[in-house]
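>>> Return atomic coordinates for the entry below.
(one chain, ligands or ions: 4)
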Amino acid sequence: MNEIIDLHTHSTASDGTYTPAELIRYAKAKGLRALALTDHDCIDGLDEAVSVGREVGVEVIPGVELSAEFPNGTMHILGFFVDRTRAAFLQRLATLQEARRQRNPLIVKKLQDLGLEITYDEVVAASGGGQVGRPHFARVLMQKGYVRTIGEVFERYLKKGGPAYVEKARFSPEESIALIHEAGGVSVLAHPFTLHLPAEELDPLFERLAKAGLEGVETYYSVHTAEETLRYERLAREWELVTSGGSDFHGANKPNIDLGIGTGSLHVPYSVLEELRRKPH
Ligand code: AMP
Ligand code: FE
Ligand code: FE
Ligand code: ZN
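Ligands and ions are numbered 1, 2, ... in the order given. Sure thing, here's the model as predicted:
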């Protein structure tokens, strides 16, 4: 019996390159038993994913990935089992989407000021009509030959603090967790290595998040080192968090990461999903 699942994936509703239907069919082809669709600040792909999941026999967990305020690195918080009909939740997501719409043209302006030829229409075209994110700017610049890879665009221009980086309004970590709870969901800190925190500062942060009601930490992740995995396993035990896991599959926008298996060795067992489901929500 196949037990593999993937609790972190993106579709064309945000910055993945597979439509929700394509993603679920691909999950089926890869033999995944369950998958969470966790688009950035957006739930537009969930209806399609859930319905195709029923059709082909893949358990689809409605999810979301919120970008939270965090001074140095990047903090993303995943929400699983979110109820996509709750008005307060939808309204807060609309706020985050508006913040992106305000940010995106400013990124184009910065890139133009740096001497790169790029228009907002090209970026929108690259997004295929879903929500625009930084990988779409990166694709346009890569296709024009300015760089060889999407990663290089982030390194040179788009990363936090980079010359074309523009801040966008976000909710605090506590507000993000509360928002997921309001939506009836379970919250999980995504890829903690992107926090860029020294090991000794992780414990106070986990204490803060656990107090805010965090239920899990994404321990098994495509690019975590063995040492990082061990560190997050220990923190999970200390703060009674579920050790979640996922690939962060984005299709061609993260070409080295495949669904379910990440860079090759990821393996998230079905029992993780059962543990998350047991958390009150
Ligand atoms: P945004 O949500 O628009 O700020 O864009 C953030 C997204 O950019 C992340 O979710 C990743 O998909 C992508 N991203 C961030 N850093 C990198 C990187 N170094 N290489 C490739 N993609 C990245
Ligand atoms: Fe992304
Ligand atoms: Fe993320
Ligand atoms: Zn993600």
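>>> Any idea which residue of the stretch 101-250 of the chain lies closest to ligand 3?
Ala190 (4.8 Å; Cβ to the ion). Placement of C-beta: from N, CA and C, glycine included.
>>> Likewise for the chain?
Taking Cβ to the ion, the chain has His76 as its residue nearest ligand 3, at 3.7 Å.
>>> does that residue have beta-bridge partners, and which?
Ser67 (DSSP bridges).
>>> Start at 37, not 1
New numbering, starting at 37: the last item is His112.
>>> Setting aside sequence neighbours, what's the nearest residue to the residue of the stretch 137-286 of the chain closest to ligand 3?
Leaving aside its sequence neighbours, Ala226 sits nearest to His112 (Cβ to Cβ, 6 or more residues apart in numbering; 3.9 Å).
>>> The residue of the stretch 137-286 of the chain closest to ligand 3: neighbouring residues, count only.
By the measure other Cβ atoms under 10 Å, the count of residues near Ala226 is 26.
>>> what's the answer for Gly298, then?
Gly298: 25 neighbours (other Cβ under 10 Å).
>>> got the contact list for it?
By Cβ atoms under 8 Å, 6 or more residues apart in numbering, the contact set of Gly298 is Tyr257, Ser258, Val259, Ser283, Asp284.
>>> mind redoing it with 7 Å?
Ser258, Ser283 (Cβ atoms under 7 Å, 6 or more residues apart in numbering).
>>> In this structure the residue of the stretch 137-286 of the chain closest to ligand 3 contacts Leu114, no?
Yes: Ala226 is in contact with Leu114 according to Cβ atoms under 7 Å; the separation is 5.0 Å.
>>> Return every residue with contacts to both of the two.
His44, Glu101, Glu254.
>>> Tell me if the second one really is in a strand.
Yes: checked against DSSP: H, G, I helix; E, B strand; the rest coil, Glu101 lies within a strand.
>>> Can you give the distance of stretch 239-255 from its chain's centre?
17 Å (Cα atoms, centre = their mean, to the nearest Å).
>>> Enumerate residues external to that stretch that contact any of its residues.
44, 114, 209-210, 213, 217, 222-228, 233, 265, 268-269, 271-272, 275, 277-282, 312, 315.
>>> Please list the residues of the chain that sit near ligand 3.
By Cβ under 5 Å from the ion, the residues of the chain that approach ligand 3 are His112, Ala226.
>>> quick one: low-confidence ranges for the chain?
Counting by pLDDT under 70, the ranges of the chain that qualify are 37-38.
>>> For it, which residue gets nearest to ligand 4?
For the chain, Cβ to the ion, closest residue to ligand 4: Asp284, 4.4 Å.
>>> what kind of secondary structure is the closest residue to that residue other than its chain neighbours in?
Of all residues not flanking Asp284 in the chain, His44 sits nearest, at 4.9 Å (Cβ to Cβ, 6+ apart). What three-state DSSP gives for His44 is strand.
>>> His44 touches Lys290, doesn't it?
No: using Cβ under 7 Å, His44 is not in contact with Lys290; the gap is 11.3 Å.
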